[in-house]
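# Fold the stuff below for me.
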Amino acid sequence: MRLFISTVSGALFGLGLLLSGMTDTAKVQGWLDIAGNWDPTLAFVLGGAVLPMVLAWRLAARRRRAVLGEAIPPMPAQRIDGRLLGGSALFGAGWALAGFCPGPALAALAWSGLGGSVFVIAMIGGMVLFRAAERRVERRAAAAA
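Model prediction:
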């Protein structure tokens, strides 16, 4: 049942990204171009995503188990640090330059051509390189301690 719900949820998410224009790199870059030819229509997509999630988070906070019976994981730490700020800046710069972020890039992979494929390969490569660098820093910190 979990696999079925995950598949339907993922398909619905991908369809929502397609219908909302989030897989159209020109539309996304128009949303981010506040000093130029700004296209505010993706604000409705943002509101349509954030408002239901506020309700969902509040409901989940009152529950001990998910609908399918599994434990609900704890909320992540809500701290703002250099790692969060740096990651946010890199994400925003990449999103503005490419017009893609991970979800829409994967949703558009089938029809986005070479540019979308290059983006996804580069995204995965960046994740692998980051994890390798993070492990190296952790090993150095452990050796210094």
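# Out of the helices and strands in the chain, which is least certain?
Every helix and strand in the chain was compared by mean pLDDT, DSSP states H and E; the lowest is helix 102-108, with a mean of 84.
# Give the other helices and strands that that helix contacts.
Counting contacts by 3 or more C-beta pairs under 8 Å, 6 or more residues apart in numbering; DSSP states H and E, helix 102-108 packs against helix 2-20, helix 113-144. Every C-beta, even on glycine, is put in place using the N, C-alpha and C of the backbone.
# What residues of it count as buried?
Buried residues in helix 102-108, counted by 16 or more other C-beta atoms under 10 Å: Pro104, Ala105, Leu106, Ala107, Ala108.
# And those residues, which is closest to Leu18?
Ala107 (6.2 Å; C-beta to C-beta).
# That closest one and Gly21 touch, don't they?
No - assessed by C-beta atoms under 8 Å, Ala107 is found out of contact with Gly21, at 11.6 Å.
# Tally up the residues packed near Thr25, please.
Using other C-beta atoms under 10 Å, Thr25 has 21 neighbouring residues.
# Just the pLDDT for it.
Per-residue confidence (pLDDT) for Thr25: 85.
# what's in contact with the least confident helix or strand of the chain?
Residues outside helix 102-108 that contact it (C-beta atoms under 8 Å, 6 or more residues apart in numbering) are 13-14, 17-18, 22-23, 28, 98, 100, 112, 116, 119-120, 123.
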